[in-house]
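A.B. asks: show me the folded form of this:
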Amino acid sequence: MRPVKAFVREDLVGRDGWTRFLPLVENDHRKGMSERDTLRAQELALIDISDVDRRTATKALGVSRHAAKQAKTAQKLNDATLRRTAAAGMDLEQTAQLAEVENVRDAENRLMRALQRDQVEGTGGRGHWDQEMALLRSEQADTDVRAKAEAELKKAGIPLLGRVPSYEKDPSLPLTELTTGLGNPLTEDNHKNCPGHSARLDEEHRPVWHCADPAAYGHKVRPQPKKPKTEQDEQKAEERARIVACNRAWKAAAGPRQEFVKRLVRGKTLPDEARLFAQRIMLDLPASTASGPTSSARRPWRCCSEPRTPRTAPPPRPPPASPRTGWPTCCSPRSPPRSRTPSASPSSSTPPG
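C.D. replies: Okay, the predicted model is just below:
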């Protein structure tokens with residue numbers, strides 16, 4: 001057993017009523033623990049115990065086995081944010097995840113809305129939270145990549161051009177549109193000594209080399225027909241931005257969806273929606289693969305009553321599929337395989353003698 005320090009009150013020996021009265025007064029005047037005090041207490045309580053005791057303690061508190069680390073991360077939030085998370089019903093893991101992405105724009109409000117959607121569903125899941133969290137992490141990673149690219153340009157001493165207001169003329173041009181005074185193309189190597197050598201970052205945060213003021217530094221613009229911007233060009237730019245945002249959201253949601261499927265198949269029972277979906281896919285699979293490519297992974301379904309053909313021969317034409325089940329009509333689960341021997345015509349059939 002581990003010794004524990006304690007105060008010994010010899011004056012309370014034999015005075016049980018007074019002993020019970022003093023804690024009552026202390027509890028009545030004690031200030032309630034703040035959310036930060038609770039997190040700090042959880043961290044200190046779980047950080048210096050054995051693995052066996054930690055499993056028992058985390059189970060009693062209703063937290064995960066990484067609760068000590070999560071409590072330390074959650075303390076990065078300010079007191080006002082901690083109070084809002086507690087009032088909204090966030091658990092310790094969700095509070096720590098909010099602390100991870102708090103620098104992303106509007107992260108708290110987006111996670112609050114996701115938490116409310118999960119609570120409205122009432123199934124105990126956190127699908128909306130996981131997808132919104134994955135998207136926030138993707139945006140944070142994108143911001144980190146841009147910050148790293150900006151730091152590398154600053155370290156190299158190359159100015160990063162910012163956005164120019166629409167009411168001002170931007171004198172800078174990319175090097176791909178410029179030439180030297182003699183008409184030679186400009187590149188990063190032969191332009192780096194120019195006082196106007198600068199850069200902008202593209203959508204993937206890669207540097208695109210520019211000259212801040214080509215006219216002032218003796219560069220020429222490559223002769224090329226200049227097309228005026230039209231409304232169609234603006235629509236294409238908006239469509240491009242929408243596609244980039246949708247691709248980022250799709251990639252971010254892939255992880256939570258895969259984890260959801262893993263948890264689904266590991267459960268003891270399969271939900272009715274998942275079971276019906278699997279049955280529908282299995283019944284529609286032959287009809288969908290019959291028209292697919294004839295690769296080794298997606299080979300047309302062969303009727304069970306058809307003879308095998310050599311690999312050099314063209315694949316047989318698939319039999320028609322049943323509109324109700326999707327299976328080939330000759331292999332329907334409710335009908336026996338059709339015979340391939342021609343039957344006699346009813347007009348020429350004679351009763352057995």
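A.B. asks: residues in contact with residue 149?
C.D. replies: Applying CB atoms under 8 Å, 6 or more residues apart in numbering, we find residue 149 in contact with 201, 205, 206, 207. The way it works is simple: take the backbone N, C-alpha and C, and place the C-beta from them, glycine included.
A.B. asks: can you name the next helix or strand after the helix or strand containing it?
C.D. replies: Using DSSP states H and E, residue 149 falls within helix 127-156. Using DSSP H and E, the helix or strand that follows helix 127-156 in sequence is strand 173-174.
A.B. asks: listing partners with orientation, what would you give for that next one?
C.D. replies: strand 207-211 (antiparallel) (DSSP bridges).
A.B. asks: the helix holding residue 149 to strand 207-211, inter-axis angle?
C.D. replies: 40 degrees (axes from the mean of the first three to the mean of the last three CA atoms, to 10 degrees).
A.B. asks: follow-up on the earlier one: tell me the one of the contacts of residue 149 nearest residue 261?
C.D. replies: Among these, residue 205 lies closest to residue 261 (CB to CB), at 32.2 Å.
A.B. asks: I figured that closest one hits residue 143, correct?
C.D. replies: No. Residue 205 lies out of contact with residue 143 (CB atoms under 8 Å); the separation is 9.6 Å.
A.B. asks: may I see the buried residues of stretch 90-107?
C.D. replies: Within stretch 90-107, the residues that qualify as buried by neighbour count (16 or more other CB atoms under 10 Å) are 90-102, 104, 107.
A.B. asks: then it to CSV, C-alphas only?
C.D. replies: Extracted in CSV, the C-alpha atoms of stretch 90-107 (Å, rounded to 0.1, in the frame of the first residue of the first chain):
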residue,chain,number,x,y,z
MET,A,90,-19.1,17.4,-25.9
ASP,A,91,-17.2,14.6,-24.3
LEU,A,92,-13.5,14.6,-23.5
GLU,A,93,-12.4,13.2,-26.9
GLN,A,94,-14.4,15.7,-28.8
THR,A,95,-13.1,18.6,-26.7
ALA,A,96,-9.6,17.5,-27.4
GLN,A,97,-10.3,17.2,-31.2
LEU,A,98,-11.7,20.8,-31.2
ALA,A,99,-8.4,22.0,-29.6
GLU,A,100,-6.5,20.3,-32.5
VAL,A,101,-8.3,22.4,-35.2
GLU,A,102,-9.3,25.5,-33.2
ASN,A,103,-7.1,27.6,-35.6
VAL,A,104,-9.2,26.6,-38.6
ARG,A,105,-11.7,29.3,-39.5
ASP,A,106,-15.2,28.8,-37.9
ALA,A,107,-14.1,25.4,-36.6
